[in-house]
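**Student:** Quick one, structure for this:
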Amino acid sequence: MNRIPQSSLVVTPQHHLPPPSTMAVLAASLQQTPVTFQHRSSSEFHSKPPTRLALTSSLKTPKLTIKPFRRRRGGATMSNTASGSYASALADVARNNNTLEKTFADVEKIASIFSDDSVLRFFANPTIGDAEKRGVVEEIARSSALQPHVSNFLNILVEMRRMDLVREIAKEFETVYNDLTKTEVAVVTSVVKLESQHLAQIARGVQKLTGARNVRIRTAIDPGLVAGFTIRYGNSGSKLIDMSVKKQLDEIAAQLELGDIQLAV
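**Tutor:** Okay, the predicted model is just below:
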């Protein structure tokens, strides 16, 4: 993370997991550490919130309380979903441990790993036992250096048969984190990779526009812009600053009423 005055610029690391064909062998070779979870059944979770999940492993971590979650940020309201409840519970533990920043980094690692559909299918497969899945969770935690409470959180999702929500939980957790830290996310799309000093300048500009305490920049490449860049920010990227040559060419064509004539660049 490269710091700039009164704002932050975050680069998300990429992590990889062994292909699914090796997962079973990997899980079987891991030393299993039993983790006991005290919770209500999944049907009770849906019908009688809140559900209290108490970790009773040797790790001393706070209890996770899964309860209906509804948070408002910048006019947008998170829906009252299971994903939001889990994300809220994890954020509460992170705040109690004073590890919110590290937990956010861990969740980004998890999101990167589970962006692979084969990984999600492995954990969603009902023919694979929980012990084997917990073994792979242990390997993910070790290779990605996850904090104990984040590793235990993944084990809870395995036990509750809720690993199918892990991607949505990661998204909801980012929303919670951004709300708590007053962080604005801006997506900068350009033809070529921009230098860090240019991204820092963009971050300062977005900060002035939004009044956010921090700005996180995400980057994307789009050769179709010809040159220049665009910036999307706000709720769900609702606001756009278009500094691309493509936009300028389109505006010129519209003014000259050139219709379908293609402009050679």
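
**Student:** looking at the protein, which helix or strand does the model trust least?
**Tutor:** strand 37-38 (a mean of 30; mean pLDDT, DSSP states H and E).

**Student:** Thr230: helix or strand, and which one exactly?
**Tutor:** Assigned by DSSP states H and E, Thr230 belongs to strand 229-233.

**Student:** so after that strand, what's the next helix or strand?
**Tutor:** Using DSSP H and E, the helix or strand that follows strand 229-233 towards the C-terminus is strand 239-242.

**Student:** which other helices and strands contact that following strand?
**Tutor:** strand 229-233 (3 or more Cβ pairs under 8 Å, 6 or more residues apart in numbering; DSSP states H and E). C-beta here means a position set from N, CA and C on the backbone, and glycine is covered the same way.

**Student:** helices or strands up against the strand it packs on?
**Tutor:** Judged by 3+ Cβ pairs under 8 Å, 6+ apart, strand 229-233 is in contact with strand 183-190, helix 196-210, strand 239-242.

**Student:** Buried deepest among these, which one?
**Tutor:** Of the helices and strands packed on strand 229-233, the one with the most neighbours on average (mean count of other Cβ atoms under 10 Å) is strand 183-190, at a mean of 20.

**Student:** angle of that strand against strand 229-233?
**Tutor:** Going by axes from the mean of the first three to the mean of the last three Cα atoms, to 10 degrees, strand 183-190 is angled at 160 degrees with respect to strand 229-233.

**Student:** Partner strands of strand 183-190 and their direction?
**Tutor:** Its sheet considered, strand 183-190 pairs with strand 214-221 (parallel), strand 229-233 (antiparallel) by DSSP bridges.

**Student:** Could you dump those strands into a markdown table and include mean neighbour count?
**Tutor:** Output for the strands paired with strand 183-190, formatted as a markdown table (neighbours: other Cβ atoms under 10 Å):
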| stretch | mean neighbour count |
| --- | --- |
| strand 214-221 | 18 |
| strand 229-233 | 20 |
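
**Student:** Redo the ones you listed as JSON lines? Include mean pLDDT and distance to Asp117.
**Tutor:** Shown next, in JSON lines, are those (pLDDT from 0 to 100; distance: least, Cβ to Cβ, whole Å):
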{"stretch": "strand 214-221", "mean pLDDT": "93", "distance to Asp117": "21"}
{"stretch": "strand 229-233", "mean pLDDT": "90", "distance to Asp117": "26"}
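
**Student:** Hmm, Val158 and Phe123 touching each other?
**Tutor:** Yes: with contact defined as Cβ atoms under 8 Å, Phe123 reaches Val158; the gap is 7.0 Å.

**Student:** anything in contact with each of those two?
**Tutor:** Lys133 (Cβ atoms under 8 Å, 6 or more residues apart in numbering).

**Student:** any low-confidence regions in the stretch 1-150 of the chain?
**Tutor:** 1-80 (pLDDT under 70).

**Student:** what's the neighbour count on Asn98?
**Tutor:** For Asn98, the tally of surrounding residues (other Cβ atoms under 10 Å) stands at 8.

**Student:** Torsion angles phi and psi at it?
**Tutor:** Main-chain dihedrals, Asn98, degrees, to the nearest 10: phi 60, psi 40.

**Student:** swap in Ala212?
**Tutor:** Residue torsions, per degrees, to the nearest 10, at Ala212 are phi -70, psi 150.

**Student:** Between the helices and strands packed on strand 229-233, which one is closest to Gln147.
**Tutor:** With Cβ to Cβ as the measure, strand 183-190 is the member of the helices and strands packed on strand 229-233 nearest Gln147 (20.2 Å).

**Student:** what angle separates the closest one from helix 196-210?
**Tutor:** Interaxial angle, strand 183-190 versus helix 196-210 (the same axes, to 10 degrees): 130 degrees.

**Student:** Tell me which residues are up against strand 183-190.
**Tutor:** With Cβ under 8 Å, 6+ apart as the test, strand 183-190 has contacts from 8, 174, 177-178, 194, 199, 202-203, 206-207, 210, 212-222, 225, 228-233, 237.

**Student:** hmm, back to that, now the helices and strands packed on strand 229-233 in TSV, with mean pLDDT and distance to Glu108?
**Tutor:** Below are the helices and strands packed on strand 229-233 laid out as TSV (pLDDT from 0 to 100; distance: least, Cβ to Cβ, whole Å):
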stretch	mean pLDDT	distance to Glu108
strand 183-190	92	12
helix 196-210	91	18
strand 239-242	87	24
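
**Student:** Brilliant, that's me finished.
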